[in-house]
Structures are given as C-alpha cells and as structure tokens.
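Undergrad: with the sequence up front, the predicted model follows.
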Amino acid sequence: MEYVYAAMLLHKAGKPINEENLNAVLNAAGVNSDAARVKALIAALEGVNIEEAIKTVPTLAAPVAAPATPAAAPAKEAKPEEKKEKAKEEKQKEEAALEGLGALFG
C-alpha cells in the first residue's frame, strides 16, 4: 500500500511518477523499496489518468453505529461461532474495499 501512497503523493505534488522519485519518497518514509514492486507500479500506472481514476473510485462509507439497546434488556454475549463469522465477514468487506483501491491504478 505504501507504494500506491507514494505514487499518489507524487501526483498531488505535481512530480513525475518514475522510479527515482518513487524510491525517494519511499526511502524518506523509511521504507526499503523493492525495485520489482516499483517497476510494476510504474508499469501499471502507464496511461492511467490518476485524476479521473480518483473521481471514479467510490468512497468507503463509515460504518453506521448500531442503535442503543434499552437499558432493561440484558446484554447478550455473542457465541464464539458468531464472533468468528462476524470477523470473517468484516475481513471480506475489507478485502473488497482494498480490491476497489487496486482498480484505481490498473
């Protein structure tokens, strides 16, 4: 993800997104850059209009807070199976959101 963030930072600053600049941003952030990943990102960004891509990416909506339960109702603790299923669902939602961000650059 830090590679994409570095590319977006360069774009926002109006700098060319190339290997030298991408490595400089990553190194300034304390990230040891991987040459293969840098080249892959630059290749994926070739011909992509980043401004248009940013406009077309749906924003991630913040989760809506659940309504408060009445004070008289006893708290019901979720079963371990329910907790695992809920965690799995949240992980799938997170992965889907990250896939959407991946589509931003190719």
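TA: Perfect, thanks for sending it. Numbers count the residues shown, from 1 in each chain.

Undergrad: count the neighbours of the nearest residue to N18 once chain neighbours are set aside for me.
TA: Closest residue in space to N18, ignoring its immediate chain neighbours: I42 at 6.6 Å, by Cβ to Cβ, 6 or more residues apart in numbering. Quick note: C-beta positions are derived from backbone N, CA and C, even for glycine. I42 sits with 16 neighbouring residues when counted by other Cβ atoms under 10 Å.

Undergrad: check V38 too.
TA: V38, neighbours per other Cβ under 10 Å, totals 19.

Undergrad: ok, V48 next?
TA: Neighbourhood size, V48 [other Cβ under 10 Å]: 14.

Undergrad: host element of the residue nearest to N18?
TA: helix 35-45 (DSSP states H and E).

Undergrad: what packs against the helix or strand just after that helix?
TA: Remark: after helix 35-45, the chain's next helix or strand is helix 50-56, criterion DSSP H and E. Identification of packing neighbours for helix 50-56 by 3 or more Cβ pairs under 8 Å, 6 or more residues apart in numbering; DSSP states H and E yields helix 2-13.

Undergrad: ok, then the element right after the helix it packs on?
TA: Past helix 2-13, the next helix or strand by DSSP H and E is helix 19-28.

Undergrad: just list what that following helix packs against, helices and strands only.
TA: Short answer (3+ Cβ pairs under 8 Å, 6+ apart): helix 19-28 packs on helix 2-13, helix 35-45.
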